[in-house]
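Enquirer: how would this look folded up:
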Amino acid sequence: MALHNGQILNGMYQIVSRIGAGGGGVVYKAVHLRLQTDVVVKKIKDSALDKLTIRQEADILKRLKHPYLPRVYDFVETPEAVYTVMDYIPGISMNKALEQRGRFTVEEVFKWANQLGEALSYLHSQKPAIIHGDIKPANIMLTPDGNVCLIDFNIALACGSNQYASVGISAHYSPPEQYSDSNFYAQVTSRYTNLPVTHTASSAMGHFGKGISARSDIYALGATLYHLLTGTAPTQEFDKIAPLSLYDLPMGEGFCYVIEKMMSISPQDRYKDGVEYLDALRNCYKLDAAYRAKRRKALIIQITIMAVIAGMFVAAFGVFMISRRMAERKYQALIQDAEQALEDMDYDAATEYIEDAKEQKDSRIEAYCMELRLLYEEMEYEACVDHAEKYLNGSYFRLRDQDEEMLGDIYYVTGNAYLEMEDYQNAKDALECALDHNQKNGLYYRDYAIVLARIGKIDKAEDQLEEAIDHDLAEDSIYMVQAEIALSKGEYKEGIENLEETLSLTDDRQMEMRCYFLLAKANIKLAQENPDDADKYHSDALDALDALEDMGVHTYRVQESTAVIYEQMGEFEEAEKRLLKLAEDYPKRYEVYSRLAYLEIDKQSQLPNEERDYHQAEEYYEKAQELYKGEEDAEMDVLDQMMKDIRDGGWL
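Expert: Predicted structure coming up:
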């Protein structure tokens with residue numbers, strides 16, 4: 001059913017006149033009533049309707065925005081038909097311009113070749129790629145300002161559908177593979193028995209009737225440019241198309257070569273898409289004889305200059321190499337000094353050596369890795385993580401081939417810092433990255449197994465322990481992992497035995513610290529499970545924490561754990577004393593005040609009802625709430641409920 005002048009489509013587009021019929025259907029000029037601008041309404045041929053998904057088509061076409069393509073406004077479905085609505089492009093079609101002018105200058109065509117190349121590059125780069133499918137002079141508008149616009153998309157191809165073979169033929173411009181009619185196919189292929197070697201009959205015939213692709217658009221654009229330059233449309237007898245080089249055109253060799261390549265009979269001999277074509281066009285001047293001569297002359301001059309400075313360079317190079325070797329030796333000496341300072345726990349000296357090394361060679365990875373080790377050994381775990389993320393996400397060092405294992409070390413130290421912070425998911429991710437970069441170090445598998453045990457993936461932890469053993473893991477480390485696995489299973493006594501075995505074998509300070517802390521945690525668990533023997537287990541837990549303090553470890557976790565043990569032992573004054581000291585040392589940590597609130601509630605619960613006073617507990621609770629940032633914390637949730645119960649009970 002045809003639209004008539006004055007009819008309003010979809011309440012928005014008033015038909016002005018019929019323009020004509022394109023490859024996809026009937027075309028009308030209309031007015032966009034809301035925008036008060038001219039548009040084109042195109043009725044899609046009924047034969048195309050079963051080859052497109054209408055809504056998908058709308059989403060793809062409406063997002064297109066390019067200076068050399070019309071903008072698609074809308075997809076309109078009526079009971080009678082489906083229409084597209086797009087920009088009305090002023091000017092005349094290029095086939096009308098050819099009738100008026102005959103042909104165009106090389107300069108004009110080269111300009112349009114670039115503009116159309118930009119449009120094709122844009123279309124072919126979409127996801128999925130959009131194939132125009134019907135490029136020819138009639139589908140190119142020449143605007144009043146002398147630019148071009150590619151119009152009349154083939155609707156069946158705009159969704160990147162697989163129905164690429166089901167398109168019409170535009171004589172003189174459609175490529176060989178677009179001809180699927182068997183009679184025409186037979187006529188065309190019969191002529192390819194005497195093709196040049198570059199276009200063999202077998203390869204040419206193999207492409208006929210295979211449907212079209214981005215390479216088909218390349219052919220059609222090449223044929224169109226050929227017509228604009230010569231004034232003659234290419235013949236449909238593809239092997240008889242006269243090469244551009246036979247025409248007396250004032251064009252460079254490069255531009256001529258690009259168009260002839262575009263019109264290759266075999267699709268594989270053309271540019272693969274608009275992106276590759278546009279790049280070739282913009283660099284085609286490099287194929288011109290004048291350009292090559294200019295380059296040869298420049299090369300001769302360059303060689304002459306290089307010959308003059310060669311002697312100077314040889315001498316300077318010798319000086320440079322000596323200087324470079326000296327700088328490398330100084331850098332390596334600083335790294336070794338930093339390593340020794342870390343072993344001696346002389347952290348101030350280590351810091352100085354690391355900073356000097358970074359100043360000497362700020363793009364080498366070793367000093368950055370050493371700095372992270374320093375922060376980790378100083379138990380500055382949050383700083384270690386922050387620095388690692390900054391270095392890994394920034395451009396602080398340039399990696400060489402031999403730096404792969406060093407990068408693994410950075411992830412390894414970072415993973416251990418997360419482990420000490422009890423951030424097990426990030427620890428797991430970092431250690432997996434470490435193993436991606438270095439599968440040779442048994443310690444990587446050891447600590448990865450520990451993290452897996454901490455998050456309850458026991459089977460995987462045991463598998464990683466086997467991997468670690470295969471990579472020559474030392475006996476003390478084996479007992480360490482076995483202890484972690486036992487503790488994760490709730491087998492605390494077995495875990496303690498393995499930890500004590502580890503301590504008897506190791507001289508590694510970091511392992512000793514980890515063992516003592518785990519011993520404290522395991523004994524606290526045993527005290528909770530065995531009330532009759534709680535005093536013994538509490539005492540053993542305190543011994544482990546005292547050992548840590550003797551090693552100079554005065555971290556938040558150690559002090560908090562000590563206070564918790566005293567609270568569980570009923571020694572409230574000692575617990576309060578230690579927690580108040582923590583509040584002085586860590587005034588911004590809400591956990592200190594939540595722990596003080598718990599302690600105060602515990603103290604009051606020991607008193608007769610009439611003597612209880614929860615005001616101090618309320619004060620600590622409110623301070624904890626003030627500092628609390630809303631992290632997920634089950635202990636805070638429990639404390640919230642306890643304070644609610646106290647208020648509901650009339651204690652406050």
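
Enquirer: May I ask you to confirm that residue 214 is in contact with residue 129?
Expert: Yes: in this structure residue 214 lies within contact range of residue 129 using C-beta atoms under 8 Å: 6.0 Å. Quick note: C-beta positions are derived from backbone N, CA and C, even for glycine.

Enquirer: who's more crowded, those two?
Expert: The residue with more neighbours, out of residue 214 and residue 129, is residue 214; 23 against 15, by other C-beta atoms under 10 Å.

Enquirer: sorry, back to before: joint contacts of residue 214 and residue 129?
Expert: residue 273 (C-beta atoms under 8 Å, 6 or more residues apart in numbering).

Enquirer: The closest residue to residue 591 other than its chain neighbours and residue 35: what is the separation?
Expert: Spatial nearest neighbour of residue 591, excluding adjacent residues (C-beta to C-beta, 6 or more residues apart in numbering): residue 560 at 7.2 Å. Distance of residue 560 to residue 35, computed by C-beta to C-beta, to the nearest Å: 67 Å.

Enquirer: neighbour-wise, which of the two wins?
Expert: Taking other C-beta under 10 Å, residue 560 and residue 35 do not tie; residue 560 has more neighbours (18 against 10).

Enquirer: For the more buried one, pull up the helix or strand it's in.
Expert: helix 556-568 (DSSP states H and E).

Enquirer: got the buried residues for that helix?
Expert: Within helix 556-568, the residues that count as buried by 16 or more other C-beta atoms under 10 Å are 557, 558, 559, 560, 561, 562, 563, 564, 565, 566, 567, 568.

Enquirer: dump the residue contacts of the first one.
Expert: In this case it means residue 557. Contacts of residue 557 (C-beta under 8 Å, 6+ apart): residue 517.

Enquirer: Repeat that for the one 4 residues further on.
Expert: Shown in contact with residue 561 (C-beta under 8 Å, 6+ apart): 517, 520, 521, 524, 541, 545.

Enquirer: again, only using 10 Å
Expert: Contact analysis of residue 561 by C-beta atoms under 10 Å, 6 or more residues apart in numbering lists 517, 520, 521, 524, 541, 542, 544, 545, 548, 555, 578.

Enquirer: among those residues, which ones are buried?
Expert: In the contacts of residue 561, burial by neighbour count holds for 517, 520, 521, 524, 541, 542, 544, 545, 548, 578, counting by 16+ other C-beta under 10 Å.

Enquirer: From the chain's centroid, how far away is stretch 214-234?
Expert: Its chain's average C-alpha position is 39 Å from that of stretch 214-234, according to C-alpha atoms, centre = their mean, to the nearest Å.

Enquirer: next one: stretch 254-269
Expert: For stretch 254-269, the separation from the chain centroid amounts to 36 Å (computed by C-alpha atoms, centre = their mean).

Enquirer: Could you pull out the buried residues of that stretch?
Expert: For stretch 254-269, the neighbour count (16+ other C-beta under 10 Å) marks 254-259, 262-267, 269 as buried.

Enquirer: how about the CA coordinates for it, as CSV?
Expert: The C-alpha trace of stretch 254-269 is given here as CSV (Å, rounded to 0.1, in the frame of the first residue of the first chain):
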residue,chain,number,x,y,z
GLY,A,254,49.3,4.9,-5.8
PHE,A,255,45.7,6.1,-6.2
CYS,A,256,45.5,4.0,-9.4
TYR,A,257,46.8,0.9,-7.7
VAL,A,258,44.4,1.3,-4.8
ILE,A,259,41.3,1.4,-7.1
GLU,A,260,42.5,-1.5,-9.2
LYS,A,261,43.1,-3.6,-6.0
MET,A,262,39.6,-2.7,-4.9
MET,A,263,38.2,-4.1,-8.1
SER,A,264,40.1,-7.4,-7.9
ILE,A,265,37.9,-10.3,-9.1
SER,A,266,38.7,-12.5,-6.1
PRO,A,267,37.5,-11.0,-2.8
GLN,A,268,40.7,-12.2,-1.1
ASP,A,269,42.8,-10.0,-3.4
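
Enquirer: just to revisit the earlier point, what is the lowest-pLDDT residue among the buried residues of helix 556-568?
Expert: Of all those, residue 557 carries the smallest pLDDT score, 87.

Enquirer: list the helices and strands the next helix or strand after the helix holding residue 560 packs on?
Expert: Next helix or strand after helix 556-568 toward the C-terminus (DSSP H and E): helix 572-585. Here helix 572-585 touches helix 556-568, helix 590-605, helix 615-627, going by 3 or more C-beta pairs under 10 Å, 6 or more residues apart in numbering; DSSP states H and E.

Enquirer: ok now stretch 434-446, how far from the chain's centre?
Expert: Put simply, stretch 434-446 sits 25 Å off its chain's centre (C-alpha atoms, centre = their mean).

Enquirer: mind listing what's buried in it?
Expert: Buried residues in stretch 434-446 (16+ other C-beta under 10 Å): 434, 435, 437, 438, 441, 442, 443, 444, 445, 446.

Enquirer: can you give me the angle the strand or helix carrying residue 512 makes with helix 556-568?
Expert: When secondary structure is defined by DSSP H and E, residue 512 falls within helix 509-529. Orientation check (axes from the mean of the first three to the mean of the last three C-alpha atoms, to 10 degrees): helix 509-529 against helix 556-568 gives 20 degrees.

Enquirer: packing partners for helix 509-529?
Expert: In terms of contacts (3+ C-beta pairs under 10 Å, 6+ apart), helix 509-529 is packed against helix 365-377, helix 404-420, helix 442-454, helix 475-488, helix 492-505, helix 534-550, helix 556-568.

Enquirer: Sort out which residues of it are buried, please.
Expert: With burial defined by 16+ other C-beta under 10 Å, the residues of helix 509-529 counted as buried are 511-527.

Enquirer: Next: stretch 400-413.
Expert: For stretch 400-413, burial by neighbour count (16+ other C-beta under 10 Å) applies to 403, 406, 407, 408, 409, 410, 411, 412, 413.

Enquirer: what residues does that stretch touch?
Expert: 363-366, 368-377, 384-385, 387-388, 391-392, 397, 399, 429-441, 443-444, 447-448.

Enquirer: Apply the buried test to those residues and list what passes.
Expert: Buried, going by 16+ other C-beta under 10 Å: 364-366, 368-377, 384-385, 387-388, 391-392, 397, 429-431, 433-435, 437-438, 441, 443-444, 447-448, out of those.

Enquirer: Look up how far residue 148 lies from residue 400.
Expert: 50 Å.

Enquirer: What's the local residue count around the residue nearest to residue 486 when sequence neighbours are not counted?
Expert: Once flanking residues are discounted, residue 486 sits nearest to residue 495: 3.8 Å by C-beta to C-beta, 6+ apart. Using other C-beta under 10 Å, residue 495 has 24 other residues around it.

Enquirer: Residue 133 now?
Expert: 27.
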